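Chemist: When you get a sec, could you give me coordinates for this:
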Amino acid sequence: MRDPNNPCLFCNISRNDFELENDLAYASYDTYPVSKYHALVVPKRHVENYFELNNEEVLACDALLKELKKKLEDKDKTIEGFNVGSNSGKTAGQSINHCHIHLIPRRLGDVDNPQGGVRSVIAAKQHYIRKTK
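Modeler: Below you'll find the model as predicted:
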């Protein structure tokens, strides 16, 4: 199996695989999608995680996330929501050491109970009961 970090998978992607791009970042579809049209926004500069992005790169990635969200909603009317996230560090599940931000389309009924969304990275914390005062 090929090591996605040697050479860096995201530094060596073909521009033909870009769904969108701007000067500092690009968007492409995830090779192992969680849902249909699961995409990644990736800074063009090789940085290990989100927290190493400079302000201009954060804005460039954010612009692509918003543009891609609109494009996907126009393409697929079954999309009703999105999860957005980035894994930073091996302990957080990062396996490719180049910052990338996931944009995961969600559809009604794709899971039995979507409560908690990104909280499900720690399964026991996904579902919770709100405390009353």
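
Chemist: For the residue nearest in space to the middle of the chain, grab phi and psi.
Modeler: Geometric centre of the chain, nearest residue: His102, 0.4 Å, by CA atoms, centre = their mean. Dihedral angles of His102 (phi, psi; degrees, to the nearest 10) stand at phi -80, psi 140.

Chemist: His38: what's its closest spatial neighbour, skipping adjacent residues?
Modeler: Spatially, and ignoring its direct neighbours in sequence, His38 is nearest to Asp30 (4.4 Å; CB to CB, 6 or more residues apart in numbering). Where you see a C-beta, it was placed from the backbone N, CA and C, and this is true even at glycine.

Chemist: how about the helices in this structure?
Modeler: Taking DSSP state H as the test, the helices found in the chain are 55-75.

Chemist: so where's it shaky on pLDDT?
Modeler: Across the chain, the ranges flagged by pLDDT under 70 are 119-128.

Chemist: still on that earlier bit, looking at it, the residue nearest to the centre of the chain is touching Tyr32, isn't it?
Modeler: No: here His102 lies out of contact with Tyr32, judged by CB atoms under 8 Å, at a distance of 10.9 Å.

Chemist: picking that back up, could you find the closest non-adjacent residue to the residue nearest to the centre of the chain?
Modeler: Gly85 (5.2 Å).

Chemist: which ones are touching that neighbour?
Modeler: The contact partners of Gly85, by CB atoms under 8 Å, 6 or more residues apart in numbering, come to Ile101, His102, Ile104, Val118.

Chemist: And the furthest pair within those residues?
Modeler: Across the contacts of Gly85, the longest distance by CB to CB is 12.5 Å; it joins Ile101 and Val118.

Chemist: So between those two, which is more surrounded?
Modeler: More crowded of Ile101 and Val118, by other CB atoms under 10 Å: Ile101, with 22 against 12.
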